[in-house]
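>>> Let's see this in three dimensions:
(one chain, ligands or ions: 1)
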Amino acid sequence: MNPYVDLSHLTMEFPTPKGPFCALDKVNLKIQKGEFISLIGHSGCGKSTVLNIIAGLYQATKGAVVLEGKEVNEPGPERAVVFQNHSLFPWLTAYENIEIAVKQVFKGQKSKAEIRDWVMHNLTLAHMEHAAHKYPAELSGGMKQRIGIARALAMEPKVLLMDEPFGALDALTRAHLQDSLMEIQTELNNTVVMITHDVDEAVLLSDRIVMMTNGPAATIGEVLDIDLERPRDRLTLASDAHYNEYRAAVLRFLHQKHSNPAQKKSDSKPKDKSEGSDNALGQAA
Ligand SMILES: Nc1ncnc2c1ncn2[C@@H]1O[C@H](COP(=O)(O)OP(=O)(O)OP(=O)(O)O)[C@@H](O)[C@H]1O
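Numbers count the residues shown, from 1 in each chain. This next block holds a predicted model:
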């Protein structure tokens, strides 16, 4: 079967004053329609670079991204991106932030009434219909992130790209949003590529976890199939043997096979309070 998204031999060299810096070396990944893929790896290994190449924001030095048989060379609405920091227009309401994207994507295809219904439908999917007329400054971080997700979904992208979408949120809000995303995923069966630093989040949400080696010249180290039934419930899974095996496999990859290069350097330094968590990776690295 032809892959829906095909990353082949992606190599990325950034020009720097000291000469080219090779961030990625021959990244190969085939993604099927409707798959939920998480990219995980230590800070600086090249996850955002991969995502930005798929988004068309970066051009790979070598290799290509092919979506439904067509090479990706520039950004396009069929690849919507959700960033860690929502990126909503502050002068527009939640409703208007979504409406502006919908008008751009469905120019001439939807009537005024259809646009209104579609915006409200996506606000409802993200459980934000009650906040339609609020401005970003009046919303909490989690609410803003929900609007960002609703806006991306409203564009009906072929691929939803998420760069640590819940990274800036507290643990409870993050859990609510993960649950909402799973609900939405059940309904829409989107093709998703998500960057995360959170091992539990990766196992809970993904069909496959793509684990990257440390840079420079990072590549895909291992790919783990997460064969857990859906719908998934975080409380049930907490005591599920398979869930815990998957979790352990990711932790082994990250902390034994490809331990954090920044952490190695700081091993001789006194430990601070934030160290010791086996869930989030060394985000401060
Ligand atoms: N524009 C650029 N110019 C030079 N080097 C860059 C550029 N963008 C990224 N890099 C380097 O490429 C490597 C990969 O960066 P990238 O942001 O993709 O990592 P990441 O895995 O997403 O990191 P994090 O988890 O901290 O967000 C890093 O060493 C980074 O310093």
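
>>> hmm, who's touching whichever strand or helix holds M182?
Per DSSP states H and E: M182 is located in helix 171-188. Residues from elsewhere that reach helix 171-188 (CB atoms under 8 Å, 6 or more residues apart in numbering): 36, 125-127, 140-142, 145-146, 149, 153, 165-166, 169, 190, 192, 198, 201, 204-205, 230-232, 234. For the C-beta atoms, the positions are set from N, CA and C on the backbone; glycine is no exception.

>>> Recalculate using a threshold of 6 Å.
L125, G142, F166 (CB atoms under 6 Å, 6 or more residues apart in numbering).

>>> between these, which has the most around it?
Compared across those, F166 has the highest neighbour count, 26 neighbours, by other CB atoms under 10 Å.

>>> excluding its backbone neighbours, what's nearest that one?
R174 (4.3 Å; CB to CB, 6 or more residues apart in numbering).

>>> okay, now that neighbour: neighbour count?
19.

>>> What separation do you get for it and A248?
21 Å (CB to CB, to the nearest Å).

>>> again, but for L177
Distance of L177 to A248, computed by CB to CB: 25 Å.

>>> which residues touch the most centrally placed residue in the chain?
The residue lying closest to the centre of the chain (CA atoms, centre = their mean) is M194, at 2.0 Å. Listed by CB under 6 Å, 6+ apart, the contact set of M194 reads S38, M162.

>>> make it 10 Å
M194 sits next to 36-40, 47, 51, 82, 160-166, 181, 201-202, 205-206 when contact means CB atoms under 10 Å, 6 or more residues apart in numbering.

>>> Three-state assignment for L57, please.
Of the three states, L57 takes coil under DSSP: H, G, I helix; E, B strand; the rest coil.

>>> For the remainder of this discussion, apply numbering that starts at 17.
Understood, numbering begins at 17; the last thing we discussed is L73.

>>> Chain neighbours aside, what residue packs nearest to it?
P91 is the one closest to L73 (CB to CB, 6+ apart), at 5.9 Å.

>>> Give me the neighbour count for that neighbour.
Neighbours of P91 under the rule other CB under 10 Å: 13.

>>> how far away is it from A71?
6 Å.

>>> same question, H213
19 Å.

>>> from what I can see F122 touches A170, true?
Yes: under the criterion of CB atoms under 10 Å, F122 makes contact with A170 at 9.1 Å.

>>> what about these two, which has more around it?
The neighbour comparison of F122 against A170 (other CB under 10 Å) goes to A170, with 24 against 17.

>>> ok, now which ones touch that one?
96, 113-115, 117-118, 121-122, 131, 134-135, 137-139, 141-142.

>>> now, among the contacts of helix 187-204, which is nearest to the ligand?
Distance to the ligand across those (CB to the nearest ligand atom) is lowest for F182, with 14.0 Å.
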